[in-house]
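**Q** I'll drop the sequence and a predicted model, then ask my questions.
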Amino acid sequence: MDNFQTFILLMFLASLLVSFSQKIHIPYPISLILGGAAIGFNSYLHPIFFDPNLILLIVLPPVLYYSAFGIFIREFKRNWREILSLALGLVLITTLIVGMLFKWLFPDLPWALAFAFGAIISPPDAIAATTILKRFSISNRLLTILEGESLVNDASALVLYRIAVVALVSGTFSFSEASVNFVKVVLGGVFVGAILGLSMQAFSRRYLEPVVGVVFSFTIPYITYILADVFGFSGVLAVVTNGLIGSQILLRHPSSLRRILGYAVWDIFVILLNCFVFILIGLQLRSLTSMMTYKQILTYSMYAFIIMTVMVIIRVLWVYAKNSIAYYQAKKHPESHAVCSRIVRESVVIAWAGMRGIVSLTAALALPYMLPNGMPLEGRNEVIFITFVVILLTLLIPGLTLPYLIQRLKIHHQPEYHLILKVKKQLMKVAEEALMRLHKQKKINETEFKFLKKYFNLQHRVYENIPKKQLEDLEEAKRIVVKEQRKKLFEIWDSLEIDDKLLLELEQELDITETHLARAELV
């Protein structure tokens with residue numbers, strides 16, 4: 001009971017930290033990691049001990065599944081070379097170089113642990129980057145590259161991590177055996193994810209009501225991960241594949257309520273998972289540092305700074321080496337100046353957006369306490385502590401300076417309003433044709449036909465040829481109107497003119513009016 005009460009109190013504090021970060025416009029992992037560290041050193045709180053495999057199972061499947069739903073598939077296909085270059089090539093190089101650096105810093109620790117550490121901190125975190133980038137008007141291409149990289153490199157890094165941990169636990173490593181095993185777990189994971197994705201997502205779409213469908217969606221990543229793991233395949237890749245299939249099925253889902261509920265509830269759930277992991281690591285810190293001298297804490301913190309610097313240098317060199325080819329090819333383009341300028345500016349953002357986050361923390365915490373021979377895993381505490389400091393440094397240095405960098409580079413994306421207008425005209429034509437058909441079939445009378453035609457026509461006309469600034473003003477005005485209507489509704493209810501049931505019905509209509517204005521984004 002004491003542990004449960006402590007957990008609830010900590011989650012309450014974590015939610016306040018997320019709210020605070022939104023108010024001051026910083027990525028919420030920053031406030032969570034700082035708050036988690038501060039909370040962890042509270043002497044009245046006791047560390048929570050857990051099964052390392054359980055933390056991996058609880059956190060990773062839903063986080064990866066959620067990330068898959070944020071990917072723009074067509075943009076992903078257009079930029080797959082750049083995404084895979086970052087998510088596969090860069091992850092492998094980072095894992096190898098950081099692993100060798102870790103072994104040089106800790107020569108007495110095994111190579112397998114060094115490469116496990118390299119795999120742990122090689123994947124950047126999408127949430128930290130996109131919570132910054134979505135506050136700016138940037139291209140879907142840039143967002144997709146960073147989100148796609150994070151999604152795929154989580155999978156690739158965790159496959160490498162799994163191989164390293166198996167070598168660490170078994171005490172042996174065979175390159176040929178590891179290569180065969182790598183291909184097996186990758187292909188098997190994708191296969192299992194595709195089969196379960198097509199079957200489970202289709203079942204949910206066809207047979208489940210919106211609310212039950214959302215509840216069912218929480219079981220999908222866990223079942224996928226567990227079944228893939230049972231067969232010895234990559235549960236991570238299975239979940240990612242399932243999520244990508246599910247995202248496409250959800251786009252065409254006939255129920256708008258299913259999408260509205262799904263996105264809202266999953267947003268909340270992933271915030272809770274982030275709070276859980278960052279608080280958990282905070283509670284571990286005091287017990288970790290209690291076993292270290294002040295000299296060791298300072299030394300390991302310096303090691304973390306060196307590792308972070310090396311990671312940034314590797315990423316910058318990789319991005320610029322890759323994009324230099326595109327730059328010189330763009331020189332031949334008729335509008336070479338604009339294209340080359342875009343490549344340079346986007347390269348700076350991609351190179352600097354290498355913050356680490358929840359996946360790295362979870363993988364570090366998932367390292368086993370004991371080896372099969374009963375001996376404690378030497379170096380586990382050092383790996384967790386350095387991982388924590390590396391994440392903290394990447395969130396504070398690149399994370400806090402990225403908005404300034406975007407503003408200085410003047411990276412902005414103007415939506416193609418002429419294309420939006422063209423599509424809206426086509427939708428208006430479809431509305432008119434549907435109304436004409438309903439009128440001829442006598443499903444609506446003349447008065448209803450005229451009213452609905454005017455309604456849909458007004459929806460189209462109100463946005464025609466209006467500048468973006470005026471559109472934003474219109475949206476804000478609509479929010480104010482709905483707010484005033486809601487205030488008046490409660491005044492009527494307070495005066496006992498309507499009962500509770502009617503209040504809920506009328507308020508729901510206002511809620512529906514408000515839902516299309518914007519989906520809440522974490523900033």
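**A** Yep, that arrived. Numbering: from 1, shown residues only.
**Q** which strands or helices does the helix or strand where Val59 lies pack on?
**A** Assigning secondary structure by DSSP states H and E places Val59 in helix 52-68. Helices and strands touching helix 52-68, by 3 or more C-beta pairs under 8 Å, 6 or more residues apart in numbering; DSSP states H and E, are helix 140-170, helix 210-230, helix 235-251, helix 256-290, helix 358-365. For glycine as for every other residue, the C-beta is placed from the backbone atoms N, C-alpha and C.
**Q** what's the next secondary structure element after it?
**A** helix 73-78.
**Q** so which elements touch that next one?
**A** Under the contact definition 3+ C-beta pairs under 8 Å, 6+ apart, helix 73-78 sits against helix 140-170, helix 235-251.
**Q** which ones are touching Ala434?
**A** With contacts defined as C-beta atoms under 8 Å, 6 or more residues apart in numbering, Ala434 is in contact with no residue.
**Q** model confidence for it, exactly?
**A** With respect to pLDDT, Ala434 scores 88.
**Q** what strand or helix carries it?
**A** Assessed by DSSP H and E, Ala434 sits inside helix 417-440.
**Q** please apply the same query to Ile138.
**A** Per DSSP H and E: Ile138 is located in neither a helix nor a strand.
**Q** now it: how far from Cys340?
**A** Counting by C-beta to C-beta, to the nearest Å, the separation of Ile138 from Cys340 is 18 Å.
**Q** what of Asp51?
**A** In terms of C-beta to C-beta, Asp51 sits 52 Å off from Cys340.
**Q** how about Leu502?
**A** With distances taken as C-beta to C-beta, Leu502 is found 62 Å from Cys340.
**Q** which one's more surrounded, the two?
**A** Comparing Leu502 with Cys340 by other C-beta atoms under 10 Å, the one with more neighbours is Cys340, at 17 against 13.
**Q** is that one in a helix, a strand, or coil?
**A** Put simply, Cys340 is helix when judged by DSSP: H, G, I helix; E, B strand; the rest coil.
**Q** in CSV: the helices and strands packed on helix 73-78, plus mean pLDDT.
**A** Listed next are the helices and strands packed on helix 73-78 as CSV, based on pLDDT from 0 to 100:
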stretch, mean pLDDT
helix 140-170, 85
helix 235-251, 88
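**Q** right, and those helices - which one's nearest Ser199?
**A** Of all the helices and strands packed on helix 73-78, helix 235-251 sits nearest to Ser199, with 9.8 Å by C-beta to C-beta.
**Q** which helices and strands sit right next to that closest one?
**A** For helix 235-251, the packing partners by 3+ C-beta pairs under 8 Å, 6+ apart come out as helix 52-68, helix 73-78, helix 140-170, helix 175-207, helix 210-230, helix 256-290.
**Q** any idea how far that helix is from the chain center?
**A** Offset of helix 235-251 from its chain centre (C-alpha atoms, centre = their mean, to the nearest Å): 14 Å.
**Q** quick one: buried residues of that helix?
**A** Neighbour-count burial for helix 235-251 flags 235-247, 250 (criterion: 16 or more other C-beta atoms under 10 Å).
**Q** can I get the residues you listed in CSV with distance to Thr394?
**A** Putting the buried residues of helix 235-251 into CSV (distance: C-beta to C-beta, whole Å) gives the following:
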residue, distance to Thr394
Gly235, 26
Val236, 21
Leu237, 25
Ala238, 28
Val239, 24
Val240, 23
Thr241, 28
Asn242, 29
Gly243, 25
Leu244, 27
Ile245, 31
Gly246, 30
Ser247, 27
Leu250, 32
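**Q** which of these lies closest to Leu196?
**A** Leu196 has its nearest neighbour among the buried residues of helix 235-251 in Asn242, at 5.6 Å by C-beta to C-beta.
**Q** nearest to Leu395, out of the helices and strands packed on helix 73-78?
**A** helix 140-170 (14.3 Å).
**Q** now the angle from that closest one to helix 210-230?
**A** 40 degrees (axes from the mean of the first three to the mean of the last three C-alpha atoms, to 10 degrees).
**Q** burial count for Glu382?
**A** Glu382, neighbours per other C-beta under 10 Å, totals 20.
**Q** look up how far Val239 lies from it.
**A** Relative to Val239, and taking C-beta to C-beta, Glu382 is found at 30 Å.
**Q** quick one: residues contacting the residue nearest to Ala194 when sequence neighbours are not counted.
**A** Leaving aside its sequence neighbours, Ala194 sits nearest to Thr241 (C-beta to C-beta, 6 or more residues apart in numbering; 5.4 Å). When contacts are counted by C-beta under 8 Å, 6+ apart, Thr241 touches Gly189, Val190, Val192, Gly193, Ala194, Gly197.
**Q** emit the ChimeraX select command for whichever of the residues you listed are buried.
**A** Entered in ChimeraX, the line below selects the buried ones among those, by 16+ other C-beta under 10 Å:
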select :189,190,192,193,197
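**Q** could you measure from the nearest residue to Thr144 once chain neighbours are set aside over to Asn140?
**A** Excluding its sequence neighbours, the residue lying closest to Thr144 (C-beta to C-beta, 6+ apart) is Glu75, at 3.8 Å. Glu75 sits at a distance of 5 Å from Asn140 (criterion: C-beta to C-beta).
**Q** so for the two, which sits in the more crowded spot?
**A** Between Glu75 and Asn140, counting by other C-beta under 10 Å, Glu75 is the more crowded of the two (19 against 15).
**Q** where does pLDDT dip in the stretch 151-300 of the chain?
**A** Where the stretch 151-300 of the chain drops to pLDDT under 70, the residues are 173, 175.
**Q** for the stretch 301-450 of the chain, just list every one of the strands.
**A** When assigned using DSSP state E, counting those that start in this stretch, the stretch 301-450 of the chain turns out to have no strands.
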